[in-house]
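Colleague: just need the structure, nothing else, for what follows:
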Amino acid sequence: MKRSDIQHMPQFFDRYILLVDDIDIIDGLEATAGLYHAPEIKEKLEALGDQVYAPGKWTAKDIIQHLIDNERIMSYRAMRFARNDKTSLPGYDEELFGANTTANQRTLDDLLDEFAVVRQSTIALFKSFSDEMFHRSGVSFNQQISPLALGFVLIGHPIHHLRVLEERYFPLI
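Modeller: Next up is the predicted model:
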């Protein structure tokens with residue numbers, strides 16, 4: 001399934017989905033699995049340390065923890081909808097989650113390893129979906145969204161945050 005197969009483009013989430021080319025969903029999930037492990041990115045993340053570009057902003061480790069948390073939540077939603085669960089699912093407070101982690105006490109390698117494991121689980125889940133399951137939908141964050149769209153959110157979300165790091169954080173190094 002490709003991005004162009006999404007039958008309904010959900011508002012808010014489209015900002016992540018539209019960052020992704022019209023590629024196969026599994027290929028996209030696999031390609032972005034190692035995005036933050038790339039030597040040039042990892043080196044910059046290590047050099048950045050706990051610096052932030054403005055008071056109250058997340059550190060690079062906080063961002064990676066956010067990617068992990070979001071991956072788990074979006075995958076769970078996709079599984080529920082793929083299984084034809086029509087229960088409306090709430091959003092989540094990313095600031096609350098971010099304020100209640102131990103990301104900054106962990107090593108960068110530990111966080112990156114966790115993200116890799118969580119992404120492998122996501123890939124296995126999405127490989128199990130049939131075309132019919134990809135096109136089912138449910139209500140999340142007060143709007144209709146399909147497992148297919150959620151998968152492309154999971155591809156685009158790390159790209160979005162890497163762009164933020166490149167534009168606002170890496171210049172601090």
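
Colleague: can you point out the buried residues in the longest helix along the chain?
Modeller: Criterion DSSP state H: the longest helix present in the chain is helix 60-82. By 16 or more other CB atoms under 10 Å, the buried positions in helix 60-82 come out as 60-71, 73-75, 77-82. Every C-beta, even on glycine, is put in place using the N, C-alpha and C of the backbone.

Colleague: try stretch 163-170
Modeller: 165, 169-170.

Colleague: what segments of this protein are helices?
Modeller: Remark: helices assigned in the chain by DSSP H are 14-17, 25-33, 39-48, 60-82, 94-99, 108-127, 131-135, 147-164.

Colleague: who are the packing partners of the first one?
Modeller: To tie it back to what came earlier, the one meant is helix 14-17. helix 147-164 (3 or more CB pairs under 8 Å, 6 or more residues apart in numbering; DSSP states H and E).

Colleague: restrict the helix it packs on to CA atoms and write it as CSV.
Modeller: The C-alpha trace of helix 147-164 is given here as CSV (Å, rounded to 0.1, in the frame of the first residue of the first chain):
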residue,chain,number,x,y,z
PRO,A,147,-4.4,2.3,9.8
LEU,A,148,-2.8,3.2,6.4
ALA,A,149,-2.8,6.9,7.3
LEU,A,150,-1.5,6.1,10.8
GLY,A,151,1.4,4.2,9.2
PHE,A,152,2.3,7.1,7.1
VAL,A,153,2.1,9.3,10.2
LEU,A,154,4.7,7.0,11.7
ILE,A,155,6.9,7.4,8.7
GLY,A,156,6.6,11.2,8.5
HIS,A,157,6.7,12.0,12.3
PRO,A,158,10.5,11.2,12.7
ILE,A,159,11.2,13.1,9.5
HIS,A,160,9.4,16.1,10.9
HIS,A,161,11.4,16.0,14.1
LEU,A,162,14.7,15.5,12.3
ARG,A,163,13.9,18.7,10.3
VAL,A,164,13.3,20.5,13.6
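
Colleague: what sits against the residue nearest to residue 72 when sequence neighbours are not counted?
Modeller: Excluding its sequence neighbours, the residue lying closest to residue 72 (CB to CB, 6 or more residues apart in numbering) is residue 118, at 6.2 Å. Counting by CB atoms under 8 Å, 6 or more residues apart in numbering, residue 118 touches 68, 71-72, 75.

Colleague: then residue 135?
Modeller: Contacts of residue 135 by CB under 8 Å, 6+ apart are 5, 7, 146-148.

Colleague: at 10 Å instead, please
Modeller: 1, 5-8, 81-82, 129, 146-149 (CB atoms under 10 Å, 6 or more residues apart in numbering).

Colleague: again, but for residue 70
Modeller: Per CB under 10 Å, 6+ apart, neighbours of residue 70: 16, 92, 94, 97, 118, 153-154, 157-158, 161.
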